[in-house]
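Asks: give the three-dimensional model of this entry:
(one chain, ligands or ions: 4)
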Amino acid sequence: MKILLVEDTRAIAAVMEARLASFGHEVTLAENGQLAFNAFCESSPDVVLMDIEMPVMNGFDATNRIRAFEATQKWAWTPIIFLTAHDSPENLITAIEAGADDYLVKGISEDVLHAKMKAMARIAAMRRMLAIANLKLEQQASRDGLTGLFNRRWMDLNLDDAWEKCTKGKSSFAFLMLDVDNFKKYNDRYGHQAGDDCLRAVAHAIETTITETNVEGLSKDAFAARYGGEEFAVVMPRVTASAYANTAARVIESIRKLAIPHEQNASWGIVTASIGGCHRESASGPVATLFRDADEALYRAKDRGRNCCELVE
Ligand code: GH3
Ligand code: MG
Ligand code: MG
Ligand code: MG
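Replies: Residues are numbered from 1 along each chain as shown. Ligands and ions are numbered 1, 2, ... in the order given. Predicted coordinates:
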């Protein structure tokens, strides 16, 4: 376990550090609250043993700063144990009120220290597992199970967010709706399993293209999502009109390039998609107008014969 030991009295620090190390823990030493806070941010320890009276910054203030820092992070709570000179109920109450989880008397026996650290190690291990599980759950909740792209729920949340920021900053904004052409016929001809594989490949092509345009600086913070069924969406905050048109053309081309055979898709013989898009020079008004405009444009692209982009300025 990684322990941050905060103690200004050298003799006490040396004894405790040696003991903790002999139990197999990795100890980082800080001699005041300020250094403790810095060390905390750098080394993310599993537990903090915190002296109270120290120069520069005392243990209460350091605990406050650590808790404030943790509040900006996900699922962060590191046990902080105050080191006090005396065993008294007041000490416990003060420690808990100050944001600590327990206190230890400095002259504590080796056995008790060992046992307390064992209990802390169990909590640390559980916390790590919980953090990993939470991260996995969050990823699952934001991703579409079939394609791995962001799902509709995630898109809605983040689209609203991005739109609001661009509205405030009067920044440009673009939105694309993509629909795979004659996909019902694809399923009918090749089966649903093949249909699923096709959607995965299409999703991957879209995502790769959007990543490339972000890397190239053509778009910034753009993302793709599975809108539902064989429909996908691309959100592009702060994008120029030409970059938006360029990205739409690239996405369509990346799907053609997959060259997935589709005998019943007009004369092309491969899987294609149509795109309807809209671009705002300066974001304003309700976000729903983006969906409406892109959707209408998509219908026009289908009417024009599919395998093309219909873009509104
Ligand atoms: P259009 O060119 O006008 O878009 O024609 P289309 O056949 O693609 O459109 P339609 O809406 O008639 O059919 C969409 C099809 O997409 C029907 C549905 O079975 C299929 N589909 C939707 N989601 C999935 C999926 O997750 N897997 C598979 N295999 N097929 C799906
Ligand atoms: Mg002290
Ligand atoms: Mg459709
Ligand atoms: Mg379709």
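Asks: quick one: whichever strand or helix holds Met155 near ligand 1?
Replies: Counting by DSSP states H and E, the element that carries Met155 is helix 152-169. No. Contact check for helix 152-169 against ligand 1, using Cβ under 6 Å from any ligand atom: none in range, with a minimum separation of 12.6 Å. The C-beta positions use only the backbone N, C-alpha and C, and glycine is treated the same way.
Asks: strand partners (parallel or antiparallel) of the next helix or strand after that helix?
Replies: Reading on from helix 152-169 to the C-terminus, the next helix or strand found by DSSP H and E is strand 173-180. If you go by DSSP bridges, strand 173-180 pairs up with strand 231-237 (antiparallel), strand 273-280 (antiparallel).
Asks: and the residue lying closest to Trp77 once chain neighbours are set aside, how far is that from Asp46?
Replies: With sequence-adjacent residues excluded and distances taken as Cβ to Cβ, 6 or more residues apart in numbering, Trp77 is closest to Glu70, at 6.3 Å. Taking Cβ to Cβ, to the nearest Å as the measure, Glu70 and Asp46 are separated by 13 Å.
Asks: circling back to that earlier point, and the helix or strand hosting the residue nearest to Trp77, does that touch ligand 2?
Replies: Using DSSP H and E, Glu70 falls within helix 59-71. No. For helix 59-71 and ligand 2, the contact criterion (Cβ under 5 Å from the ion) is not met; the two come no nearer than 8.1 Å.
Asks: and that helix, C-alpha only, in CSV?
Replies: These are the backbone C-alpha positions of helix 59-71, laid out as CSV (Å, rounded to 0.1, in the frame of the first residue of the first chain):
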residue,chain,number,x,y,z
GLY,A,59,-2.9,19.0,9.3
PHE,A,60,-6.4,20.5,9.3
ASP,A,61,-5.7,22.9,6.4
ALA,A,62,-3.9,20.2,4.4
THR,A,63,-6.9,17.8,4.9
ASN,A,64,-9.2,20.6,3.7
ARG,A,65,-7.1,21.1,0.6
ILE,A,66,-6.9,17.3,-0.1
ARG,A,67,-10.7,17.0,0.2
ALA,A,68,-11.3,20.0,-2.0
PHE,A,69,-9.0,18.5,-4.6
GLU,A,70,-10.8,15.1,-4.4
ALA,A,71,-14.1,16.8,-4.9
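Asks: after that helix, next one along is what?
Replies: Remark: after helix 59-71, the chain's next helix or strand is strand 80-84, criterion DSSP H and E.
Asks: got the CA coordinates for that following strand in CSV?
Replies: Output in CSV follows, covering the C-alpha atoms of strand 80-84 (Å, rounded to 0.1, in the frame of the first residue of the first chain):
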residue,chain,number,x,y,z
ILE,A,80,-6.8,10.3,6.1
ILE,A,81,-5.7,9.3,9.6
PHE,A,82,-4.6,12.1,12.0
LEU,A,83,-1.6,11.4,14.2
THR,A,84,-2.3,12.9,17.7
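Asks: neighbours around Asn91, how many?
Replies: Counted with other Cβ atoms under 10 Å, residues neighbouring Asn91 total 17.
Asks: about what we covered before: please enumerate the shared neighbours of Glu70 and Asp46.
Replies: Jointly contacting Glu70 and Asp46 under the rule Cβ atoms under 8 Å, 6 or more residues apart in numbering are Thr78.
Asks: who has more neighbours, the two?
Replies: Ranked by neighbour count (other Cβ under 10 Å), Glu70 and Asp46 place Asp46 first, with 21 against 15.
Asks: re earlier: got CSV for the strands paired with strand 173-180, with distance to Val180 too?
Replies: Converted to CSV, these look like this (distance: least, Cβ to Cβ, whole Å):
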stretch, distance to Val180
strand 231-237, 8
strand 273-280, 5
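Asks: quick revisit: what helices and strands are in contact with the helix holding Glu70?
Replies: The elements that helix 59-71 packs onto, with contact taken as 3 or more Cβ pairs under 8 Å, 6 or more residues apart in numbering; DSSP states H and E, are helix 33-43, strand 47-51, strand 80-84.
Asks: tell me the buried residues in it?
Replies: Buried residues in helix 59-71, counted by 16 or more other Cβ atoms under 10 Å: Gly59, Phe60, Asp61, Ala62, Thr63, Arg65, Ile66, Arg67.
Asks: one step back: closest one to Ile210 among the strands paired with strand 173-180?
Replies: Distances from Ile210 to each of the strands paired with strand 173-180 were compared using Cβ to Cβ; the minimum, 6.1 Å, belongs to strand 231-237.
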